[in-house]
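Participant: the following comprises the amino acid sequence and a computationally predicted model.
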Amino acid sequence: MLRILTISVPLLLATACTQVEGSSNYSERQAQKLADALEGMQPGETRRCIDKVRVNRVDSAAGKFLFVQGRNKVAVTDATGCPGAAHDDLLVFETAVSGSYCSGDIVHTRSRTGGMLTGTCVLREFTEYTRPE
């Protein structure tokens, strides 16, 4: 029994080191995705709500939700507390105001394979980024 335990501990440590190393690369990819999405854009005013009608898609990158509103405008809010957002999980929104995404709205993340709930968080205020003309 002691021999099995002696062999399995080094294997466990090797596996843990591999996962940590892979996760740091994942963070770099997420940071690059955020930088690419906001490249050439300037931060503007902070808003409490944005119109759903103007949002083409919602992405997540590096702990942020990106509400893309065409080529020249992106509203960014914090995704802290939503671990599924970093893994490209599906985003499910519970909005209090019809027709708008607002700070205080609840976001659930669900796995793309199986639909399991992977996290829940609350939207914060949005910072609008626009591309200068």
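Facilitator: Good, I have the coordinates.
Participant: okay, CA-based contacts and neighbour counts for the rest of this
Facilitator: Fine.
Participant: what stretches of the protein score poorly on pLDDT?
Facilitator: 1-26 (pLDDT under 70).
Participant: how about the helix or strand hosting Ser60: buried residues?
Facilitator: For Ser60, the host element (DSSP states H and E) is strand 57-61. Under the neighbour-count criterion of 16 or more other C-alpha atoms under 10 Å, strand 57-61 has 59-61 buried.
Participant: with stretch 66-82 instead?
Facilitator: 66-69, 73-80, 82.
Participant: and that stretch, how far apart are its ends?
Facilitator: When the termini of stretch 66-82 are compared using C-alpha to C-alpha, to the nearest Å, they are 14 Å apart.
Participant: over to stretch 83-93?
Facilitator: End-to-end distance of stretch 83-93 (C-alpha to C-alpha): 15 Å.
Participant: return the set of buried residues in it.
Facilitator: Buried, per 16+ other C-alpha under 10 Å, within stretch 83-93: 83-87, 89-91, 93.
Participant: likewise for stretch 110-120?
Facilitator: In stretch 110-120, counting by 16+ other C-alpha under 10 Å, buried: 110-111, 118-120.
Participant: so what's the residue lying closest to Asp51 once chain neighbours are set aside up against?
Facilitator: The spatially closest residue to Asp51, leaving aside those adjacent along the chain, is Ser100, at 4.5 Å (C-alpha to C-alpha, 6 or more residues apart in numbering). Going by C-alpha atoms under 8 Å, 6 or more residues apart in numbering, Ser100 touches 49-52.
Participant: and Asp78, by the same measure?
Facilitator: Per C-alpha under 8 Å, 6+ apart, neighbours of Asp78: 63-65, 123-125.
Participant: lovely, talk soon.
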